[in-house]
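> okay, here's the prediction I keep looking at, along with the sequence it came from:
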Amino acid sequence: MSDTAPSDQQVITATRIWLERAVIGQQLCPFAAGPHLTHRIRFCVSSQRSGAGLLDDLDRELQALQAADPLECETTLLIHPQALTKFLDYNDFLEECDALVAELGLEGELQVASFHPQYQFAGTDEHDITNFTNRSPYPMLHLLREASVARAVASFPGIDEIGPKNMDTLRRLGHEGWQRLWIDS
């Protein structure tokens with residue numbers, strides 16, 4: 001890891017490009033376009049360097065999302081470029097995230113989804129292209145409203161097919177196609 005951290009604006013810009021070109025552009029999440037186009041995604045960059053510090057930021061962001069009007073802020077991306085940069089550490093930390101949601105009494109109201117530049121599904125090789133469905137430019141925690149998830153699930157036929165479809169999309173795209181997504185036209 002470099003001693004020079006990227007600026008918050010660089011982190012947000014890279015994350016927006018990933019959201020637009022991969023998540024929305026490759027239709028990896030059929031529910032992302034709406035909040036993005038209506039500017040209801042909060043991009044929050046944490047300067048924390050430890051899991052303990054990140055947990056404090058997560059606490060603050062969970063409470064802020066819970067208190068926010070969903071018509072103004074539907075979801076939050078808590079991006080942490082300097083904390084939990086190793087995937088296994090990050091993956092272990094997810095249990096602490098769930099425990100914090102429970103401690104705050106937000107189970108059934110909010111949940112945390114995971115994205116990381118080294119994301120690896122159990123049983124896959126680290127270079128398997130299907131891991132890229134959850135690979136983001138920086139480690140991040142995606143804070144979601146359970147009511148939004150429930151509405152999305154109810155309105156989307158074949159919700160169980162999203163994961164397999166995403167893996168097929170990535171297999172068709174391949175590593176070379178994935179790399180082309182990041183070439184500016």
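It's in. This structure is a prediction, so every number in the text was calculated from the model and none was measured.
> show me the helices in the chain, by range?
Assigned by DSSP state H, the chain shows helices spanning 8-18, 33-37, 51-67, 87-103, 146-155, 162-180.
> and residue 101, how far is that from residue 55?
The gap separating residue 101 from residue 55 is 11 Å, by C-beta to C-beta, to the nearest Å. Yep, even glycine has a C-beta here, placed from its N, CA and C like the rest.
> neighbour count for those two, which is higher?
residue 101 (20 against 17; other C-beta atoms under 10 Å).
> low-confidence stretches in the chain?
Along the chain, the model assigns pLDDT under 70 to residues 1-3, 185.
> could you rerun that using 50?
1 (pLDDT under 50).
> what's the closest of the helices of the chain to residue 24?
helix 33-37 (5.0 Å; C-beta to C-beta).
> what residues does that closest one touch?
19, 20, 24, 40, 41, 74, 75 (C-beta atoms under 8 Å, 6 or more residues apart in numbering).
> spit out the contact partners of residue 145.
Residue 145 neighbours (C-beta under 8 Å, 6+ apart): 65, 70, 74, 75, 109, 110.
> distance of it from residue 99?
With C-beta to C-beta as the criterion, residue 145 and residue 99 are 19 Å apart.
> now swap in residue 67 and tell me
From residue 67 to residue 99 the distance is 21 Å (C-beta to C-beta).
> what's the answer for residue 69, then?
27 Å.
> and residue 170, what does it touch?
Listed by C-beta under 8 Å, 6+ apart, the contact partners of residue 170 are 26, 129, 130, 132, 133, 178.
> likewise for residue 113?
Counting by C-beta under 8 Å, 6+ apart, residue 113 has contacts 141, 142, 144.
> residue 179: how many residues sit nearby?
Neighbours of residue 179 (other C-beta under 10 Å): 10.
> so what's the residue nearest to residue 11 when sequence neighbours are not counted up against?
Excluding the flanking residues, the one nearest residue 11 by C-beta to C-beta, 6 or more residues apart in numbering is residue 45, at 4.9 Å. Residue 45 is in contact with 8, 11, 12, 79, 80, 81, counting by C-beta under 8 Å, 6+ apart.
> good, wrapping up.
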